[in-house]
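J.: only geometry, no sequence info:
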């Protein structure tokens, strides 16, 4: 696989299976391939707005931590106003774009 992309779905992963899921994403990415992910993060000053009983926000930096052994091409955190669900509300999101090390000989 050359690219694994997820936007808006990772918060549905229960905490107990996250490590296993990220290991799966990474193992099934070709050497030199990219994982581009974002996930909602909880902030004490931003009230939770989800009605999804299965949603579980990530902790700040948690997403980046799954890619400690990859080349980080971009990462950061953004705060913005979302209109999802028809009600404007503030959100915070971590973003990571990482490249799997190329295991081919130089």
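T.: Received the coordinates, thanks. Given the structure is predicted, the values throughout are model-derived calculations rather than measurements.

J.: how about the helices in the protein?
T.: Taking DSSP state H, the helices of the chain run over residues 15-27, 62-65.

J.: so residue 32 makes contact with residue 99?
T.: Yes - using CB atoms under 8 Å, residue 32 is in contact with residue 99, at 6.5 Å. To be clear about C-beta, it is placed using only N, CA and C from the backbone, and glycine gets the same treatment.

J.: Comparing the two, which residue is more hemmed in?
T.: More crowded of residue 32 and residue 99, by other CB atoms under 10 Å: residue 99, with 16 against 13.

J.: ok, the more buried one - contacts?
T.: Counting by CB atoms under 8 Å, 6 or more residues apart in numbering, residue 99 touches 32-34, 70-71, 73.

J.: Mind listing the residues bridging to it?
T.: Judged by DSSP bridges, the bridge partners of residue 99 are residue 34, residue 71.

J.: any residues touching stretch 74-84, and which ones?
T.: Residues outside stretch 74-84 that contact it (CB under 8 Å, 6+ apart): 41, 43, 46, 49, 60, 64, 88-98.

J.: May I see the ChimeraX selection of the buried members of those residues?
T.: Command for ChimeraX that selects the buried part of these, burial taken from 16 or more other CB atoms under 10 Å:
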select :41,64,91,92,93,94,95,96,97,98
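
J.: re earlier: with pLDDT and distance to residue 17 added, can I get the contacts of residue 99 in TSV?
T.: Compiled in TSV, these are given as follows (pLDDT from 0 to 100; distance: CB to CB, whole Å):
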residue	pLDDT	distance to residue 17
32	96	27
33	97	22
34	97	23
70	97	20
71	97	26
73	97	26
